[in-house]
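Novice: pasting the sequence and the predicted coordinates here, then a few questions.
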Amino acid sequence: MMLTVADAYALVMGTVRDTGTEIVPFEQANGRILREPVLADRPFPPFDRVMMDGIAIRFDSYARGQRVFVVEDIQAAGRPQLQLSNTANCMEVMTGAVLPELTDTVIQYEHLQAAEHEGFKRFTIKNQVKKGQHIHKLGSDVKQDAILLNTGVLLGPAEAGVLATVGKTSVLVSKKPRVVVIATGNELVPATAQPAPHQIRMSNVYSLRASLEQMGIEAMVLHLEDHAESMLHQLRPLIADTDVWISSGAVSAGKYDYLPEVLQQLGMEQLFHKVQQRPGKPFLFGTFTDGPVVFALPGNPVSGFMCFYRYVQPWLHAAMHLQPVKPQYAVLSEKVHFDPNLEYYIPVKIESQPHGKLVATPQPYQGSGDLASLILADAFMELPADKSEFKKGDSFPIWKFR
């Protein structure tokens with residue numbers, strides 16, 4: 001029986017397995033998924049922090065009418081906190097410095113006039129002053145023990161700074177799944193080879209491996225010839241040592257499409273084989289009880305590529321506990337017509353318009369074997385099966401791959 005996209009997706013996501021965790025140095029955590037909350041080890045900022053180069057004063061003196069202040073010292077960033085000895089004086093302060101004791105207001109140099117009298121530097125205030133101005137108060141950003149990063153966050157440049165700030169030098173992250181990408185077919189030769197007229201170079205598996213690498217996942221590449229016994233011999237040892245198989249081809253109804261039968265002989269439980277979608281209808285999915293999940297994708301380049309972003313990537317994200325991302329939507333730039341009662345995934349170029357909407361422009365597309373169509377596109381737009389006319393300006397989900 002051919003499943004709807006929604007039913008197939010639900011079955012796929014119902015098999016999600018935790019990939020486990022490991023501890024890595026924080027310098028190596030970029031692109032990994034956090035599996036523990038990260039707390040503030042102290043308030044932030046950890047002191048009353050000066051926000052402008054200038055002087056710090058006691059506001060009461062200004063409020064009594066004083067406008068000229070003699071400098072006692074300089075409070076530089078990184079210097080231990082100084083104390084004002086006379087509240088009628090001031091302290092020069094630098095951005096990022098601790099606010100000196102007995103001061104409560106900062107005036108920037110642009111609002112001051114500097115002078116010297118009898119060897120003492122002093123400043124005259126030229127502008128109106130507000131009590132407490134230009135001070136980043138202790139704990140005003142984050143209280144001590146507050147959660148800064150939640151479990152499931154994808155660690156990137158901003159998060160790296162947070163980890164360093166709180167001294168979190170070792171981080172609990174999701175383990176990367178052990179993935180093998182499998183090419184099938186006697187017609188395939190390595191990318192480095194010169195193909196004969198009846199052969200083609202392997203390409204689908206490299207697109208899939210590159211997609212995995214963008215997720216921080218390394219994958220082994222395997223080539224299976226169209227021979228059932230050979231397939232069994234090559235795949236059987238991988239069952240115990242891998243978490244995910246992603247194959248390309250040999251899942252349709254051809255005489256040499258042995259893969260579905262081979263997978264079942266190896267002990268895989270097949271959950272479905274066909275989905276009501278174009279491209280990617282002959283998509284097979286199954287699981288081993290004590291082995292990998294199997295995404296057996298169609299061999300046509302666009303079909304397999306679409307299925308990866310519609311099914312495989314969400315499964316991997318969930319298995320590594322990445323926080324769910326809300327789906328994106330875009331509006332069609334032109335009318336699209338599609339008759340078959342299938343969910344249609346069309347390659348589109350995404351552009352952001354000044355009015356804030358994402359606009360999807362369908363790209364020239366000659367069918368699921370048209371690998372070149374992906375070069376011009378950024379995403380697949382998901383058009384529902386219950387319609388055949390899709391109007392300009394209508395909004396639909398997009399599955400981005402660029």
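Specialist: Nice, I can see it. Numbering: from 1, shown residues only.

Novice: V24 should be in a helix, yeah?
Specialist: No: using DSSP: H, G, I helix; E, B strand; the rest coil, the secondary structure at V24 is strand, not a helix.

Novice: quick one: residues contacting it.
Specialist: In this structure, V24 makes contact with R32, S170, V171, V173, judged by CB atoms under 8 Å, 6 or more residues apart in numbering. Quick note: C-beta positions are derived from backbone N, CA and C, even for glycine.

Novice: could you redo the last one with a cut-off of 10 Å?
Specialist: N30, R32, L155, S170, V171, L172, V173, K175 (CB atoms under 10 Å, 6 or more residues apart in numbering).

Novice: neighbours around the last one, how many?
Specialist: Residue neighbour count, defined by other CB atoms under 10 Å, stands at 17 for K175.

Novice: what do you get for the first one?
Specialist: Residues contacting N30 under the criterion other CB under 10 Å number 14.

Novice: show me where pLDDT drops low in the stretch 251-400 of the chain?
Specialist: 253-254, 256, 366-371 (pLDDT under 70).

Novice: so of the contacts of V24, which ones are in helices?
Specialist: Using DSSP state H, the subset of the contacts of V24 located in helices is empty.

Novice: quick one, which of those residues are buried?
Specialist: Neighbour counting with 16 or more other CB atoms under 10 Å marks R32, L155, V171, L172, V173, K175 as buried within the contacts of V24.

Novice: contact partners for the third one?
Specialist: If I follow you right, that is V171. V171 sits next to 22-29, 32, 34-36, 38, 149, 155, 159-160, 163 when contact means CB under 10 Å, 6+ apart.

Novice: PyMOL command for the buried members of those?
Specialist: Remark: buried members of the contacts of V171, expressed as a PyMOL selection using 16+ other CB under 10 Å:
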select buried, resi 24+26+29+32+34+35+38+149+155+159+163
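
Novice: on contacts alone, who are the packing partners of the helix or strand S61 falls within?
Specialist: Assigned by DSSP states H and E, S61 belongs to helix 59-63. Here helix 59-63 touches strand 105-108, going by 3 or more CB pairs under 10 Å, 6 or more residues apart in numbering; DSSP states H and E.

Novice: the strand it packs on: partners in the sheet, and parallel or antiparallel?
Specialist: Applying DSSP bridges to the sheet, strand 105-108 is found paired with strand 54-57 (antiparallel).

Novice: so the closest residue to R201 other than its chain neighbours, which state does it fall into?
Specialist: Excluding its sequence neighbours, the residue lying closest to R201 (CB to CB, 6 or more residues apart in numbering) is A191, at 5.0 Å. What three-state DSSP gives for A191 is coil.

Novice: isn't A191 right next to Y206, touching?
Specialist: Yes: between A191 and Y206 there is a contact under CB atoms under 10 Å: 6.8 Å.

Novice: which one of these two has more residues nearby?
Specialist: A count of neighbours by other CB under 10 Å puts Y206 above the other of A191 and Y206, at 14 against 11.

Novice: wait, what's in contact with the more buried one?
Specialist: Y206 makes contact with V181, A183, A191, V221, according to CB under 10 Å, 6+ apart.

Novice: try A76
Specialist: Shown in contact with A76 (CB under 10 Å, 6+ apart): V50, L82, E92, V93, M94, T95, G96, A97, V98.

Novice: before we move on, what about A158?
Specialist: By CB under 10 Å, 6+ apart, A158 lies in contact with L149.

Novice: one step back: after the helix holding S61, which helix or strand is next?
Specialist: strand 68-75.

Novice: buried ones in the next helix or strand after that following strand, by neighbour count?
Specialist: Using DSSP H and E, the helix or strand that follows strand 68-75 towards the C-terminus is strand 90-93. For strand 90-93, the neighbour count (16+ other CB under 10 Å) marks C90, M91, E92, V93 as buried.

Novice: what does stretch 10-17 give?
Specialist: Using 16+ other CB under 10 Å as the test for burial, stretch 10-17 gives L11, V12, V16.

Novice: not counting the helix or strand the first one falls within itself, show me its contacts.
Specialist: Just to be clear, that refers to L11. Element membership of L11, judged by DSSP H and E, is helix 5-13. Applying CB under 10 Å, 6+ apart, the external contacts of helix 5-13 come out as 1-4, 271-277, 280, 283, 285-287, 293, 295, 307, 310-312, 314-315, 318-319, 342-343, 345, 382, 384-385.
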